[in-house]
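S.K.: let me see the structure of the following:
(one chain, ligands or ions: 2)
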Amino acid sequence: MKEFIQSLPKVELHLHLEGTLEPELMFELAKRNHIDIPFNSIAEVRGAYSFHNLQSFLDIYFQGANVLINEQDFFDLTWAYLLRCQDDNVLHTEVFFDPQTHTERGISFETVINGIHRALVQGTTELGISSKLIMCFLRHLDEESAFKTLQQAQRHQDKIVAVGLDSSEIGHPPAKFERVFKQAINLGFLTVAHAGEEGEASNISEALNLLKISRIDHGVRCSEDEELVKQLVRERIPLTVCPLSNIKLKVFDSMEQHNIVDLLRRGVCVTINSDDPAYFGGYMVNNFLAVVNAHPINKAEIAQFTFNAIEASFVNKHEKERLRKVTQRYLNLYQ
Ligand SMILES: Nc1ncnc2[nH]cnc12
Ligand SMILES: [Zn+2]
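M.R.: Ligands and ions are numbered 1, 2, ... in the order given. Purely as a prediction, here's the structure:
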């Protein structure tokens, strides 16, 4: 099964570039940019990655991002992630970045996006990995800051396909950003949002109704509302689920208790993603393996995660068809 998962074609739809900052690169960038970090060794960094909820992770995640200063740093971060995609046979990826994490520290929007974009283009030409970029608003910041960020993004609309919403869910419901999302949609951006990760199921409905999102990031707490699950199935609304993240942040007590396989079998368009792999114990293959090791599941069901991700992706219908064919051929050969 391990070999089947390793070579299975994959599509990732929920990945924070800032969450791919491995301790080794953190040290290298800290040295290069003369930034003090509160760790003496890579082992010490990894030792600090023990979280009891989303906020305890976010505190460390924002601190880690302080080593990213120059355009080349954002290139190196993104390129290192794309090499992991190559290792895990990820054919297409749709990645988040949080501009406010950087602009709030005085780094220009251009420095961030130009470094990321250059790596994504190189990923397509040199590695054959296609990608889309999604700009997330930090929901713990105010509406004014989100509007300002949206304005900065307008000059780069050729590089950004959608806007999203991340950071602390509790206390910052989707309604807080209804007007920002309305403007983003008017400008031509697609929309997604983190909802129902730590926050309750009503956040999912609110994000669907007020923010007009194309897919829900996490959304695992939908199980608490039977009518909502039926709606997700009926309308094929995708959930970008992040199994290892959910265990690390104590959304579920164990992988055996995770609801992803149950949702899959009920017909929800669930997908497997790595969220912040440098912090949560691994990239796509590790997330697939963690699910499969905890839940008896056959190869057709495992491949369904890829078919769902293709369906939920923002690529055009010809590209979807191509990815479906590649995946079906693989399944036919190895089933
Ligand atoms: N899992 C997560 N939830 C909310 N915001 C995030 N930012 C990075 N990872 C996140
Ligand atoms: Zn996330």
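
S.K.: Ala278 reaches Pro23, doesn't it?
M.R.: Yes - counting by C-beta atoms under 8 Å, Ala278 touches Pro23, with 7.4 Å between them. In this view, the C-beta of every residue, glycine as well, is placed from N, C-alpha and C.

S.K.: name the residue in these two with the higher neighbour count.
M.R.: Applying other C-beta atoms under 10 Å to Ala278 and Pro23 shows that Ala278 carries more neighbours, namely 27 against 20.

S.K.: can you give me every residue that contacts the more buried one?
M.R.: Gly19, Thr20, Leu21, Glu22, Pro23 (C-beta atoms under 8 Å, 6 or more residues apart in numbering).

S.K.: pull out the buried members of the residues you listed.
M.R.: Gly19, Thr20, Leu21, Glu22, Pro23 (16 or more other C-beta atoms under 10 Å).

S.K.: and which of those residues is nearest to Leu150?
M.R.: Looking at the buried ones among the contacts of Ala278 and their distance to Leu150, the nearest is Gly19, at 22.2 Å (C-beta to C-beta).

S.K.: so the closest one makes contact with Asp275?
M.R.: Yes - counting by C-beta under 8 Å, Gly19 touches Asp275, with 6.2 Å between them.

S.K.: double-check Asn287 against Pro243; I have them as touching.
M.R.: Yes - counting by C-beta under 8 Å, Asn287 touches Pro243, with 5.1 Å between them.

S.K.: quickly list what's touching both of these two.
M.R.: Listed contacts common to Asn287 and Pro243 are Ile272; contacts here mean C-beta under 8 Å, 6+ apart.

S.K.: the stretch 151-300 of the chain: helices as residue ranges?
M.R.: Taking DSSP state H, counting those that start in this stretch as the criterion, the stretch 151-300 of the chain carries its helices at 178-187, 202-211, 226-235, 243-248, 260-265, 277-280, 284-294, 299-312.

S.K.: mind listing residues that contact the second one?
M.R.: Residues outside helix 202-211 that contact it (C-beta under 8 Å, 6+ apart) are 165, 169, 173-175, 177-178, 181, 191, 193, 195-196, 213, 216, 219, 221-222, 225, 228, 237.

S.K.: list the contacts for the closest residue to Asp225 other than its chain neighbours?
M.R.: Counting by C-beta to C-beta, 6 or more residues apart in numbering, the nearest residue to Asp225 once its immediate chain neighbours are dropped is Ala201, at 4.1 Å. Neighbour list for Ala201: Arg221, Cys222, Ser223, Glu224, Asp225, Leu228 [criterion: C-beta under 8 Å, 6+ apart].

S.K.: again, only using 6 Å
M.R.: When contacts are counted by C-beta atoms under 6 Å, 6 or more residues apart in numbering, Ala201 touches Arg221, Cys222, Glu224, Asp225, Leu228.

S.K.: reformat these as CSV; add pLDDT.
M.R.: Formatted as CSV, those follow (pLDDT from 0 to 100):
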residue, pLDDT
Arg221, 98
Cys222, 98
Glu224, 98
Asp225, 98
Leu228, 98
